[in-house]
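> Below are the sequence and a predicted model; questions follow.
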Amino acid sequence: MTQVLNFVDGAEVPASGSRTLDLVNPATGEVFGTSVLSEQSDVDAALAAAERAFKVWRKSTPAQRQLALLKIADALESRAEEFAELEIRETGKIRAVVLDEEIPECVSALRFFAGAARQLEGTASGEYLPGHTSAIRREPVGVCAQIAPWNYPLMMGVWKIAPALAAGNTVVLKPAETTPSTAVLLAKVAAEFLPEGAFNVLCGDRDTGRALVKHPITELVSITGSTRAGIDVATVAAADLKRTHLELGGNAPLLVFGDVNLAEAAEGIVGAAFYNAGQDCTAGSRVLVDAAIHDEFVAELTKAAAAQAPGEDFGPLNSEAQFGRVRGLVDRLPSHARVETGGTPAGDRGFFFSPTVISGLKQDDEIVQEEIFGPVITVQSFTDEDEAVRLANGVPYGLASSIWTNDLSRATRVSGELDFGCVWVNTHGPLVSEMPHGGFGHSGHGKDLSSYSFAEYTRVKHVMTRFA
């Protein structure tokens, strides 16, 4: 049986208590190991280590931080197979997707933020008051508590630690309960190039995360997770006025207008909806289609979805709890809904769910309003552009959206009306390190990736010098 330990102050260490969490392979449903369950004393030790390291790391030059991140990126790239094995065991992901798409994105983000470390910009110094010169300093915030999700354990971990370390902060990262292994390996790899305690990993549950947020050493809290988890973090952090970065749930609308190639659009949407078994906060799960082409497009969408094979084109849901949640949303469908394909578990082991398309839905239906986080597409129709925008914006989330049309004027017009942090046109899902990712409303606030994310891990100081 595998046992995953914490990584604190430059070394793997057990938790202070004896409690553990089971690790389950979602492709089989079988327990293959355990991780330690960190308690308050473990949180104290990790944050103390990060605080000590901050005194050193904050004084490193941008060039030194850049070099460290570049070396971490190279080491991750060279050990891609090892990282992939751990990621696949805990998530059930398709091997080629992890090796060809996700790990290269991790490497790219590390290299981007390595460059960003040497590109801090601010207001030019100058004399804004006679006889005085003003300058702006960009400084690291301090010790950052970061909470990563289970849907992209390695990639979301990298998205968090890279900008924080690049800006001169130190980190205590808590991975999700079900997917801790790649975070610990990343910390072990990074330790060769960082001061002891600069990057620590604590395994644990919600109480572990809550203790990290509440702790007086923590200066900034970053979480990627559900809206419920984000509200919990924000509430605890507010008691001590800690800065928060919340990348939370999503419920992306895909607006399909009547001038598109139906088969091509259907293929693209199915790919966006079922990537990672739909366990993606930007998943293209909520399709809004022009009533004039509704029936024909639903047929194309159903055909494309039914061709997807669980276990080959996408993996299982991450846990029995997530499997039960998705199944419950489908089982509680109202009578006016129509399951065009799927809607049932797939296979006789693990947490696989069949590719599903549901039509005939109304705006206030539970499955329309709630984030699904599974391989399920809902379909609604609209009669004109105004109704399409109203339906798209009529959910609490505001992370991602897309417009499918050949009309450039319409695409420009509608993209300005959609209340989402990202709008794609004739595609859905691509991300690059240079562009920001983050949402509005119940999708949280703050940005991952890009110089916008880097800036969030800094604080602004005004220094004025009298020279008269």
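That came in fine, so what should we check first?
> And the strands in the stretch 251-400 of the chain?
In order along the chain, the stretch 251-400 of the chain carries the following strands (DSSP state E, counting those that start in this stretch): 253-256, 286-290, 338-341, 356-359, 376-382, 397-398, 400-404.
> Next: the stretch 1-150 of the chain.
Remark: strands assigned in the stretch 1-150 of the chain by DSSP E, counting those that start in this stretch are 2-4, 6-8, 11-13, 20-25, 30-36, 126-129, 132-140, 143-147.
> Tabulate the ones you listed (JSON lines), appending distance to Ala48, mean pLDDT and mean neighbour count.
To be clear about C-beta, it is placed using only N, CA and C from the backbone, and glycine gets the same treatment. Below are the strands of the stretch 1-150 of the chain laid out as JSON lines (distance: least, C-beta to C-beta, whole Å; pLDDT from 0 to 100; neighbours: other C-beta atoms under 10 Å):
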{"stretch": "strand 2-4", "distance to Ala48": "22", "mean pLDDT": "95", "mean neighbour count": "16"}
{"stretch": "strand 6-8", "distance to Ala48": "9", "mean pLDDT": "98", "mean neighbour count": "26"}
{"stretch": "strand 11-13", "distance to Ala48": "13", "mean pLDDT": "98", "mean neighbour count": "15"}
{"stretch": "strand 20-25", "distance to Ala48": "23", "mean pLDDT": "98", "mean neighbour count": "18"}
{"stretch": "strand 30-36", "distance to Ala48": "18", "mean pLDDT": "97", "mean neighbour count": "17"}
{"stretch": "strand 126-129", "distance to Ala48": "41", "mean pLDDT": "93", "mean neighbour count": "10"}
{"stretch": "strand 132-140", "distance to Ala48": "18", "mean pLDDT": "94", "mean neighbour count": "15"}
{"stretch": "strand 143-147", "distance to Ala48": "9", "mean pLDDT": "98", "mean neighbour count": "27"}
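> possible to save the ones you listed as TSV with distance to His428?
TSV is the format used below for the strands of the stretch 1-150 of the chain (distance: least, C-beta to C-beta, whole Å):
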stretch	distance to His428
strand 2-4	34
strand 6-8	36
strand 11-13	40
strand 20-25	30
strand 30-36	34
strand 126-129	45
strand 132-140	35
strand 143-147	26
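> Ala400: which of those is closest?
Distances from Ala400 to each of the strands of the stretch 1-150 of the chain were compared using C-beta to C-beta; the minimum, 20.7 Å, belongs to strand 143-147.
> can you give me the helices in the stretch 351-468 of the chain?
Under the criterion DSSP state H, counting those that start in this stretch, helices of the stretch 351-468 of the chain are mapped to 366-369, 385-393, 408-417, 450-456.
> Tell me which of the ones you listed is the most buried.
Across the helices of the stretch 351-468 of the chain, the average number of neighbours (mean count of other C-beta atoms under 10 Å) peaks for helix 450-456, which reaches a mean of 21.
> now what about it, what contacts it?
With C-beta atoms under 8 Å, 6 or more residues apart in numbering as the test, helix 450-456 has contacts from 113, 116, 119, 138, 159, 163, 166-167, 245, 433-438, 446-447.
> Stretch 429-446: how far from the chain's middle?
Relative to the mean C-alpha coordinate of its chain, stretch 429-446 is positioned 9 Å out (C-alpha atoms, centre = their mean, to the nearest Å).
> actually stretch 385-392, not the one I typed
Counting by C-alpha atoms, centre = their mean, stretch 385-392 comes out at 27 Å from the chain centroid.
> Kindly report the same for stretch 248-257.
16 Å.
> taking the mean pLDDT, what do you get for it?
Mean pLDDT, taken over the full extent of stretch 248-257, equals 97.
> cool, stretch 448-466 as well?
96.
> got the end-to-end distance for it?
In stretch 448-466, first residue to last residue: 39 Å (C-alpha to C-alpha, to the nearest Å).
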